[in-house]
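In: Model the following, please.
(one chain, ligands or ions: 2)
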Amino acid sequence: MGNIELFGTEAVELNNICYAYEGNTALDNITLRIRKGEAVAFMGPNGSGKSTLLKIINGLIFPDSGSYLFCGDEVTEKKMKDSAYAKSLHKRIGFIFQNSDAQLFNTTVYDEIAFGPRQMGMDEEAVRQRTEDCISMLGIEHLRERSPYHLSGGEKHKAAIASVLALNPELLVLDEPMIGLDPRSQRWLVDFLAQMNEAGKTIITSTHNLDLVQEVSDRAILFGEEHKILADEKTADILGNQPLLVSANLVDEYYHVHHDNGHVHFHDHE
Ligand code: ADP
Ligand code: MG
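Out: Ligands and ions are numbered 1, 2, ... in the order given. Model prediction:
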């Protein structure tokens with residue numbers, strides 16, 4: 001009791017989830033299963049409910065009705081009040097916020113990354129090793145003693161990712177991770193997520209950017225302006241379904257998909 005179930009194939013199970021902010025619907029009857037090891041994208045226009053659902057998955061807010069199970073165990077507000085349970089969930093699910101500023105609060109990048117392992121009660125030598133591993137994995141040795149507050153957008157993002165990876169989560173949840181990154185950092189992140197998925201981590205990325213969605217997911221869940229799921233299919237199939245994307249208000253009728261080298265691009269129609 002008190003421990004989160006370790007077995008089974010489902011990472012995330014959402015059953016008939018509804019959520020409203022002061023009477024304004026954000027999620028309307030969302031049912032969804034994500035298996036361990038999957039790389040899934042939440043697509044949809046602004047305001048469709050992607051961030052709200054990611055917060056529920058991270059146990060930061062709780063559905064008004066319906067249920068959420070992580071690895072077979074229902075996550076409830078009551079259970080999350082138990083700090084041992086909450087810590088265990090936050091160790092297993094790494095959440096990278098849309099705005100890295102919201103999750104960086106230590107005086108140096110090193111302390112930022114070390115914060116989670118210290119919270120978990122690791123001894124300082126183990127903390128040092130874990131922190132240095134993450135620093136080298138992200139290639140941010142030069143930022144070790146810098147203040148996170150003064151970093152560039154891409155650097156902040158890497159510091160935030162390193163601080164989340166320091167807990168070695170099984171599930172990585174990223175809210176609009178491409179926003180604010182220059183093209184080289186975007187490319188780096190895409191490759192990095194592919195590597196993490198290859199290593200067995202389950203990945204959920206939210207995005208309303210269609211350019212890179214196929215590189216961070218095999219499967220996409222499309223949310224509509226009515227806060228319901230419009231489609232749950234292979235990412236390539238959703239990207240190829242222009243009428244669906246138009247109806248979801250993700251593209252206008254002048255866009256079409258162009259396949260080459262296995263990649264999908266969107267560009268203007270002459
Ligand atoms: P997305 O991430 O897809 O852009 P959100 O989950 O942020 O969508 O928002 C879903 C709906 O909930 C929107 O109508 C939004 O205005 C509303 N909403 C989001 N956060 C809040 C909040 N903190 N208070 C009130 N309404 C909110
Ligand atoms: Mg959002």
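
In: if I pick Gly44, what's in contact with it?
Out: Residues in contact with Gly44 (C-beta atoms under 8 Å, 6 or more residues apart in numbering) are 50, 208, 222-224, 230, 248, 250. C-beta here means a position set from N, CA and C on the backbone, and glycine is covered the same way.

In: And the pLDDT for the closest residue to it other than its chain neighbours?
Out: Distance criterion C-beta to C-beta, 6 or more residues apart in numbering; nearest residue to Gly44, sequence neighbours excluded, is Phe223 at 3.2 Å. We have a pLDDT of 96 for Phe223.

In: List the contacts of Phe223.
Out: 42-45, 48-50, 53, 229-230, 248.

In: Which members of the residues you listed are the farthest-apart pair?
Out: Taking C-beta to C-beta, the two most distant members of those are Leu53 and Ala248; they sit 15.6 Å apart.

In: So which residues of this protein form helices?
Out: 50-57, 77-80, 83-92, 109-119, 124-138, 153-165, 183-198, 213-216, 235-239, 242-247 (DSSP state H).

In: so which of those gets nearest Ser100?
Out: helix 153-165 (4.1 Å).

In: Convert that closest one to PDB, retaining C-alpha atoms only.
Out: Extracted C-alpha coordinates of helix 153-165, given in PDB (Å, rounded to 0.1, in the frame of the first residue of the first chain):
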ATOM      1  CA  GLY A 153      16.000  30.500 -23.700                       C
ATOM      2  CA  GLY A 154      17.700  27.400 -25.100                       C
ATOM      3  CA  GLU A 155      20.100  27.200 -22.200                       C
ATOM      4  CA  LYS A 156      17.300  27.500 -19.700                       C
ATOM      5  CA  HIS A 157      15.500  24.700 -21.500                       C
ATOM      6  CA  LYS A 158      18.500  22.400 -21.200                       C
ATOM      7  CA  ALA A 159      19.000  23.300 -17.500                       C
ATOM      8  CA  ALA A 160      15.300  22.400 -17.000                       C
ATOM      9  CA  ILE A 161      15.600  19.200 -18.900                       C
ATOM     10  CA  ALA A 162      18.700  18.200 -17.000                       C
ATOM     11  CA  SER A 163      17.000  18.900 -13.600                       C
ATOM     12  CA  VAL A 164      14.100  16.700 -14.600                       C
ATOM     13  CA  LEU A 165      16.400  13.900 -15.900                       C
END
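
In: Cool, thanks, talk later.
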